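Participant: After the sequence you'll find the predicted model.
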Amino acid sequence: MTARPVSSLDLADEAFLADPYPTFQRVRSEHPIWWHEGSQMWLVFSHEQCNSVLRDRRFGRIWSDREPAERFEPFNLLHRSQMMENEPPQHTRLRRKVSTAFARGHIERMRPRVRELGVDLLERVDGAEFDALADFAEPLPVLVIAELLGTPSADVWSLRNWSQAIVKMYERPTPAAEIEQAALDASSAFADYLRELIEERRGDLREDLLSDLLRSQGQADETPLTDDEVLASAILLLNAGHEASVNVFGNGLVALLESPDQWQRLVSGQVPIRLAVEEMLRFDSALQLFERTATTDVEVAGQIVARGERIGVLLGSANRDEAVFGAPDQLDVGREPNPHLAFGAGLHFCLGAPLARMELAESLQLLTSAYPELSLNREPRRRPTFVLRGYVDVPVTTKERVKPDG
Ligand code: HEM
């Protein structure tokens, strides 16, 4: 074993947040694994190590309630009973139930609807200048996941606000007390809202995901979903189902508009949209960090990660690893192959990847056809967060609009 390389990386540093990639590149070249004092966990930066940790069953997503448990109960309730925070056998059971409901043709059924919603949003922003985030990239996935689950469209902005408050809890460094309180209030309000909707829907089952989850409760099965599991799974789908998609599109669009030659390759039809979507996912990862806990002592790149210690997998760094990607800091919409880790790997690989890919492809297709001459209006503003990387706004300007075909 070599001595523990200790990293003093400041995850809140402004320059680092503005562009973490040169730091990642340097850190990767120095050591494959670091102990991070700030967050008291190990960090891995290379594609190889990130991929291997995510697939290694000795590392798990082991949920432990936030303390004091009484205060954090509303937040804990939404996490302890869902697939993402559990390992087998609980994970297998929860994921199987949700994916059965998810697979029932919901995604392909949604494609024309996604297009329709996108066209409608673009109709509304008709004008020379708009915010591609607030007016397009943000509402689209929110509307889609809400509709898929079967929540009334009038409520989508409450869902979006609750979700935004809750996900701030996943940030590093640990959030301030007022952010915690806002997340707790949002967790309670979200749970109350959904409990009411679930009761209503139980008496009026429809063709939506929530109804499918409720139907599965009634099927002969030795382990039907409990009410808390239906609630936590629905909230997981609502949150995971849009948070990342908004920022993948925002980050990717900024990268595209900052490389007009790449934008033109799409506008001209020279490169298939599906390849550009993969590059948007890779280039500026919307989700930078996921954590695991060692369930036994594990050796990683010459260091022992002791049982009970945590390890952070830096997806954004893995996706810029020069050992895997040629010219990793260059946006190349035609990049192929593109083995990025934006959807994770292994047991917890993103359940929503097919939906996310479809939404991103439809969104990009619509925007490139409607606004072939789109450009940035001014410098977009970055959000000062590390784990969920995104922009506050993406102000764009356009010359002439081509009417999108609905
Ligand atoms: C571009 C958008 C998206 C990205 C980049 C993304 C990324 C990820 C990643 C990296 C994970 C793995 C987490 C881990 O290993 O700890 C994950 C898990 C998950 N995602 Fe996504 N996601 C996206 C969209 C969606 C959508 C649209 C949905 C669903 C409606 C969704 C639902 C889930 C669920 C349920 C899990 C947990 C899977 C499990 O624990 O087995 N995601 N996602």
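Facilitator: Okay, I see it.
Participant: moving C-terminal of the longest helix anywhere in the chain, what's the next helix or strand?
Facilitator: Longest helix in the chain by number of residues (criterion: DSSP state H): helix 177-202. Once the chain leaves helix 177-202, the next helix or strand it forms, by DSSP states H and E, is helix 209-218.
Participant: Please list the residues outside the helix or strand containing Gln262 that contact it.
Facilitator: Per DSSP H and E: Gln262 is located in helix 260-267. With Cβ atoms under 8 Å, 6 or more residues apart in numbering as the test, helix 260-267 has contacts from 255-257, 271, 273, 276, 331-334, 364, 368, 372, 374-375. (Each C-beta comes from the backbone N, C-alpha and C, glycine too.)
Participant: nearest to the ligand, of those residues?
Facilitator: Of all the contacts of helix 260-267, the ligand sits closest to Leu364, with 12.1 Å by Cβ to the nearest ligand atom.
Participant: which outside residues touch stretch 47-56?
Facilitator: Residues contacting stretch 47-56 (Cβ under 8 Å, 6+ apart): 32-33, 44, 59, 290, 292, 298, 300-301, 311, 313-315, 317-319, 321, 323-324, 339, 341, 344-348.
Participant: Now, these that are in helices?
Facilitator: 315, 317-318.
Participant: ok so, going back, buried subset of the contacts of stretch 47-56?
Facilitator: Neighbour-count burial (16 or more other Cβ atoms under 10 Å) is assigned, among these, to 32-33, 44, 59, 290, 292, 298, 300-301, 311, 313-315, 317-319, 321, 324, 341, 344-345, 347-348.
Participant: Among these, which ones lie close to the ligand?
Facilitator: Residues of the buried ones among the contacts of stretch 47-56 in contact with the ligand (Cβ under 6 Å from any ligand atom): 290, 344, 348.
Participant: Of those, which is the nearest to Val387?
Facilitator: Phe290 (8.7 Å; Cβ to Cβ).
Participant: Okay, and the beta partners of the residue lying closest to the closest one once chain neighbours are set aside?
Facilitator: Of all residues not flanking Phe290 in the chain, Val313 sits nearest, at 5.1 Å (Cβ to Cβ, 6 or more residues apart in numbering). Bridge pairing for Val313 (DSSP bridges) gives the partners Val44, Phe290.
Participant: Show the contacting residues for Val313.
Facilitator: With contact set as Cβ under 8 Å, 6+ apart, Val313 has these partners: 44, 49-50, 53-54, 289-292.
Participant: From the contact counts, what lies against the strand or helix carrying Asp228?
Facilitator: Per DSSP H and E: Asp228 is located in helix 227-240. When contacts are defined as 3 or more Cβ pairs under 8 Å, 6 or more residues apart in numbering; DSSP states H and E, helix 227-240 sits against helix 69-80, helix 90-103, helix 139-149, helix 156-167, helix 177-202, helix 209-218.
Participant: deepest of those, which one?
Facilitator: helix 139-149 (a mean of 23; mean count of other Cβ atoms under 10 Å).
Participant: Packing partners of that helix?
Facilitator: Using 3+ Cβ pairs under 8 Å, 6+ apart: helix 139-149 touches helix 106-124, helix 156-167, helix 209-218, helix 227-240, helix 243-258, helix 353-370.
Participant: Show me what from this protein comes close to the ligand.
Facilitator: So the chain meets the ligand at 54, 61, 83-84, 95, 145, 236-237, 240-241, 244-245, 248, 286-287, 290, 342-344, 348, 350-352, 355-356 (Cβ under 6 Å from any ligand atom).
Participant: ok, of the ones in helices among the contacts of stretch 47-56, which one's closest to the ligand?
Facilitator: Nearest member of these to the ligand, counting by Cβ to the nearest ligand atom, is Leu315, at 6.3 Å.
Participant: The closest one is in contact with Gln288, isn't it?
Facilitator: Yes: Leu315 lies in contact with Gln288 (Cβ atoms under 8 Å); the separation is 6.1 Å.
Participant: I'd like the contacts of Val313 as CSV, with pLDDT appended.
Facilitator: Output for the contacts of Val313, formatted as CSV (pLDDT from 0 to 100):
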residue, pLDDT
Val44, 98
Gln49, 98
Cys50, 98
Val53, 98
Leu54, 98
Leu289, 98
Phe290, 98
Glu291, 97
Arg292, 98
